[in-house]
Structure formats: structure tokens, C-alpha cells
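K.L.:
sequence first, then the predicted structure:
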Amino acid sequence: MALQQKKLPDSAENIISAEQMFLASETDLYVASRSLKAMGHPLRLKILCILAGGNEISVQDLVDLVGTSQSNISQHLSILRDKGILGSRKDANKVFYRIGDEKILALMETMREAFCSAHD
């Protein structure tokens, strides 16, 4: 189902070309929507805030930092990984997670500036 654009007045100042839109294609809109939906859960957002520091963190360390069960953390990590937001690597019997895309780090920084009352 295609998104319908609102008809704008014909004045030259109000005409917006597809290139001027933030997300110009249906694919971009779909990817952004899926990613933001995955990031929008409070626990997943907390995981992302922890990982936004730039270090890889093991699942067990995330369990300790977030304060919930390993099975719950694993479910949320799986959602974030499946959407391409997180990357992971296995080392022996431990799995380590990191932010998988520099664009997500930039988005996290923007959210920090917009929503956090105490930031540097």
C-alpha cells in the first residue's frame, strides 16, 4: 500500500520535490519505520543507550546492566540484530553486541541531545 502525499498549494514556495523530502522512497520509509519501531521499546532503547558508548558488551553484562532476565534480553537483542541495528560476534561461549551501523550512533546522539536533560 503506497503512502499518499498531501496535496500542497501550487505556490512556488510550497512545492516540495521528492529529492527534498527527508525520506524520498517507499523503501526508505519502510526501513526507517521498521528500525524506529524496533528502537522504540524502552528496554531496547536502554540497551542501545548502553551500547552507544562504543564498546562491545556481552549478553551477561547487558543482563547485569539492564536488570532483567537473560531470556528477555536475548529476545530484545534478536529484534535489534534482525533489523540491522546491532552487530554481534561470538567468542567461545559468549556473544558480544555492538551498534552495527554508524548512522544509528548518530541517531542515538541526536536523541540524547533532544531528550536527555543532563548531557555533556
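P.N.:
That came in fine, so what should we check first? Numbering: from 1, shown residues only.
K.L.:
quick check, Lys90 in a strand?
P.N.:
Yes. Assessed by DSSP: H, G, I helix; E, B strand; the rest coil, Lys90 belongs to a strand.
K.L.:
how far away is it from Arg34?
P.N.:
25 Å (C-beta to C-beta, to the nearest Å). Just so you know, the C-beta spots here come from the backbone N, C-alpha and C atoms, and that holds for glycine as well.
K.L.:
the more surrounded of these two?
P.N.:
Arg34 (14 against 8; other C-beta atoms under 10 Å).
K.L.:
check that one and give its pLDDT.
P.N.:
Each residue has a pLDDT score; the one for Arg34 is 87.
K.L.:
report all helices and strands that whatever helix or strand Lys37 lives in contacts.
P.N.:
Assigned by DSSP states H and E, Lys37 falls within helix 26-39. Here helix 26-39 touches helix 42-51, helix 70-82, going by 3 or more C-beta pairs under 8 Å, 6 or more residues apart in numbering; DSSP states H and E.
K.L.:
now with 10 Å, please.
P.N.:
Secondary-structure packing of helix 26-39 (3 or more C-beta pairs under 10 Å, 6 or more residues apart in numbering; DSSP states H and E): helix 42-51, helix 70-82, helix 102-115.
K.L.:
what's the most buried one of those?
P.N.:
helix 42-51 (a mean of 18; mean count of other C-beta atoms under 10 Å).
K.L.:
mean confidence score for it?
P.N.:
93.
K.L.:
that helix: how far from the chain's middle?
P.N.:
Between the centre of helix 42-51 and the centre of its host chain there is 9 Å, according to C-alpha atoms, centre = their mean, to the nearest Å.
K.L.:
kindly report the same for stretch 52-68.
P.N.:
Distance, stretch centre to chain centre, for stretch 52-68: 16 Å (C-alpha atoms, centre = their mean).
K.L.:
next one: stretch 86-105
P.N.:
On C-alpha atoms, centre = their mean, the centre of stretch 86-105 falls 14 Å from that of its chain.
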